[in-house]
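S.K.: Could you work out the structure for the sequence below:
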Amino acid sequence: MNERMSLMAKGFGGYGGGGGGGINMNMIRQAQKMQQDMQKMQAELETREYSAASGGGAVTATVTGKRLLSSLKIDPSAVDPEDVEMLQDLIMAAVNEALRTSEEAASASMQKITGGMNFGF
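M.R.: Predicted structure coming up:
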């Protein structure tokens, strides 16, 4: 075996680049841990609920971490047959705010795991 082949067989040269293989394995382990942490966090986020109110509390919407509406409470004083549009607006505002809160919580949780790197979550 010539000297170059002997060095490559011992882990020098080639793709490892003088012992760089250990660094690559460490990076792979870190990426795997990050992936596991992200999956665990995603499962936890899906079990949470987020609520928001509009119209001074006349309408309260609760959504799950899966972005599904799980509860909608309407104060009877907000029900005016002459002004259905206002009630519709209050419902939309409460639901949208609850969804936004859910998104912000998910984003903040994922940033803790990824160290601020943006992966499109």
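
S.K.: Please enumerate the helices of this protein.
M.R.: 3-9, 20-47, 84-114 (DSSP state H).

S.K.: Could you say which one of these comes nearest to residue 67?
M.R.: Closest of those to residue 67 is helix 84-114, at 6.1 Å (criterion: C-beta to C-beta). Where C-beta positions appear, they are placed from N, C-alpha and C, glycine not excepted.

S.K.: which helices and strands does that closest one pack with?
M.R.: Under the contact criterion of 3 or more C-beta pairs under 8 Å, 6 or more residues apart in numbering; DSSP states H and E, helix 84-114 touches helix 20-47, strand 49-54, strand 59-64, strand 69-74.

S.K.: what's the angle between that helix and helix 20-47?
M.R.: Calculated by axes from the mean of the first three to the mean of the last three C-alpha atoms, to 10 degrees, helix 84-114 forms an angle of 150 degrees with helix 20-47.

S.K.: now the angle from helix 84-114 to strand 59-64?
M.R.: Using the same axes, to 10 degrees, helix 84-114 lies at 30 degrees relative to strand 59-64.

S.K.: And helix 84-114, how far out from the chain middle?
M.R.: Helix 84-114 has its C-alpha centroid displaced from the chain centroid by 13 Å (C-alpha atoms, centre = their mean, to the nearest Å).

S.K.: out of the helices and strands packed on helix 84-114, nearest to residue 114?
M.R.: Ranking the helices and strands packed on helix 84-114 by proximity to residue 114 (C-beta to C-beta) places helix 20-47 first, at 6.6 Å.

S.K.: what sits against residue 53?
M.R.: Residue 53 makes contacts with 59, 60, 61, 94, 97, as judged by C-beta atoms under 8 Å, 6 or more residues apart in numbering.

S.K.: wait, which of the residues you listed is closest to residue 80?
M.R.: Distances from residue 80 to the contacts of residue 53, taken by C-beta to C-beta, are shortest for residue 59, at 12.7 Å.

S.K.: Who is the closest one paired with across the strands?
M.R.: Partner residues in beta bridges with residue 59, using DSSP bridges, are residue 54, residue 74.

S.K.: Report how many residues lie close to it.
M.R.: 23 (other C-beta atoms under 10 Å).
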